[in-house]
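Peer 1: Build me a model:
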Amino acid sequence: MRRRVVITGMGMVTPLGADLETVWRRLLNGESGIDYITLFDASHFPTRIAAEVKNWSLADVGEDPEEWKFQGRHTHFAIGAAKKAWQDAGLDSAKIDPTRFGVYTGSGEGQQDFHRFTQMMVAALSDGELDVVKFTKKGLEILHPIEELEQEPNMPAGHLAGLFNAQGPNMNCLTACAASSQAIGEAVEIIRRGEADIMLSGGTHTMIHPFGVTGFCLLTALSTQNDPPQKASRPFDRNRDGFVLGEGAGMVILEELEHAKRRGARIYGEVIGYGTTADAYRITDTHPEGRGAISCMQMALKDAGINPEDVDYINAHGTSTVVNDKVETLAIKKVFGDYAYKLPVSSTKSMMGHLIAAAGATELIICLLAIRDNVLPPTINYETPDPECDLDYVPNVAREAKCDIALSNSFGFGGQNISLIVSRFTG
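Peer 2: Numbering: from 1, shown residues only. As a prediction, the model looks like this:
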């Protein structure tokens, strides 16, 4: 008998809010967190919109922002979400073995030092050529060593370990849009193997900066439907034209079942299935026949020991790009057969944007809230059906429905595929 893993705490910092109930209420109301970019001047970009975290700081979770002034937004978000998850779980560091408590994050790189980098470039340009000596000299003069270090994607995991005295396994993966789902899946495996009793897991990311937006614009992956911003993310709709960048963090406390029971913890649900595959196809495009997504969902179902008809809801990767939504729909139909047409599927990226490395963790939390309340969040901005996307996407309005088992998909650039299955805990 493998060790069972339950979720006892959850926390988020998102464009729709920074506490579970606020985010959940706004999702069920079909509200959008997407607006014009304010973090930098994007007026000359083809995409001028994003889903930013606004009106939030570390002070909201009892931390002094001045003590974290050299850390990036991704670390701030991670700390905020983790402290909320820790408090939600009712954990007491004096009552747990720190060597049996680990951290596994799926975190992105920190905010890029765009302004200092451009100063270095300007100083190094000579007759149209880059003078490497001048470039290096200027860098040594103006780059901040701590801020440079904090751009590394592993830094949030290190800070979280120190903050909570987590002396067990400490890891980070950055598998693009699948990162935090993969982190949770691997953290589950660590507990199943007996290497830890508690894992703090999830993801954090922001790419709402000039480098990030430029890169995705060059890939033509972002929506250019700037007006109005709230209508731009339209997963599965025939007129979709790309995703909308979001930012934030989602963290969960994963706990071995008997450990959770001994301390009388509230249990949101149980992680029963984890699938992870690669398309092995192209760096950006998913396989046109969805082979990686199909095998990933099948692997998760097998790991959970359930039939396809046992799943009550899918929180889709649902990015609002032409290819992703079509291929994900195809993959769901291949895995679930005729039942796919009876199975509700929705994409909360329509409201929250795409949190990249943090997307999967936040969407798994949404699955657990759907199970808790037997309510399915909608896919907003669904107006024009696409013949190639012909499933039940819970269009525009939340729906009361039995939800005991939910599947969350995360498919990342590079062909990374993760499916997680959570169920209502029944003892």
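Peer 1: Would you mind pulling the contact partners of the worst-scoring helix or strand of the chain on mean pLDDT?
Peer 2: The helix or strand of the chain with the poorest confidence is strand 125-126; it has a mean of 84 (mean pLDDT, DSSP states H and E). Residues from elsewhere that reach strand 125-126, judged by Cβ atoms under 8 Å, 6 or more residues apart in numbering: 131, 134. Using the backbone N, CA and C atoms, a C-beta is placed for each residue, glycine as well.
Peer 1: cool, and stretch 81-91?
Peer 2: By Cβ under 8 Å, 6+ apart, stretch 81-91 touches 8-13, 18-20, 61-63, 160, 163-164, 198, 200, 202, 204, 248-253, 255, 263, 265-266.
Peer 1: switch the cut-off to 7 Å
Peer 2: Under the contact criterion Cβ atoms under 7 Å, 6 or more residues apart in numbering, stretch 81-91 has outside partners 8-13, 19, 61, 160, 164, 200, 202, 204, 249-253, 265.
Peer 1: mind checking the end-to-end distance for stretch 389-399?
Peer 2: 20 Å (Cα to Cα, to the nearest Å).
Peer 1: Name the SS class of residue 372, please.
Peer 2: Following DSSP: H, G, I helix; E, B strand; the rest coil, we place residue 372 in the helix state.
Peer 1: what residues are up against it?
Peer 2: residue 268.
Peer 1: for the chain, what's the longest helix?
Peer 2: Criterion DSSP state H: the longest helix present in the chain is helix 73-89.
Peer 1: now stretch 289-304: mean pLDDT?
Peer 2: Averaged across stretch 289-304, the pLDDT comes to 97.
Peer 1: If we go by neighbour counts, what in that stretch is buried?
Peer 2: Using 16 or more other Cβ atoms under 10 Å as the test for burial, stretch 289-304 gives 290-301, 303-304.
Peer 1: Kindly format the C-alpha coordinates of that stretch as PDB.
Peer 2: The C-alpha trace of stretch 289-304 is given here as PDB (Å, rounded to 0.1, in the frame of the first residue of the first chain):
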ATOM      1  CA  GLU A 289      -2.600  14.700 -32.600                       C
ATOM      2  CA  GLY A 290      -2.200  15.400 -28.900                       C
ATOM      3  CA  ARG A 291      -0.100  12.300 -28.300                       C
ATOM      4  CA  GLY A 292       1.600  13.700 -25.200                       C
ATOM      5  CA  ALA A 293      -1.600  15.100 -23.700                       C
ATOM      6  CA  ILE A 294      -3.400  11.900 -24.300                       C
ATOM      7  CA  SER A 295      -0.800   9.700 -22.700                       C
ATOM      8  CA  CYS A 296      -0.500  12.100 -19.800                       C
ATOM      9  CA  MET A 297      -4.200  12.000 -18.900                       C
ATOM     10  CA  GLN A 298      -4.200   8.200 -19.400                       C
ATOM     11  CA  MET A 299      -1.200   7.900 -17.000                       C
ATOM     12  CA  ALA A 300      -3.000  10.000 -14.400                       C
ATOM     13  CA  LEU A 301      -6.100   7.900 -14.600                       C
ATOM     14  CA  LYS A 302      -4.100   4.700 -14.300                       C
ATOM     15  CA  ASP A 303      -2.200   6.200 -11.300                       C
ATOM     16  CA  ALA A 304      -5.500   7.100  -9.700                       C
END
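Peer 1: What's the first helix or strand after whichever strand or helix holds residue 362?
Peer 2: Assigning secondary structure by DSSP states H and E places residue 362 in helix 359-373. Using DSSP H and E, the next helix or strand after helix 359-373 towards the C-terminus is strand 375-376.
Peer 1: What pairs with the helix or strand that that next one is followed by, parallel or antiparallel?
Peer 2: Next in sequence after strand 375-376, counting helices and strands by DSSP H and E, comes strand 399-400. Taking DSSP bridges as the criterion, strand 399-400 sits next to strand 375-376 (antiparallel) in its sheet.
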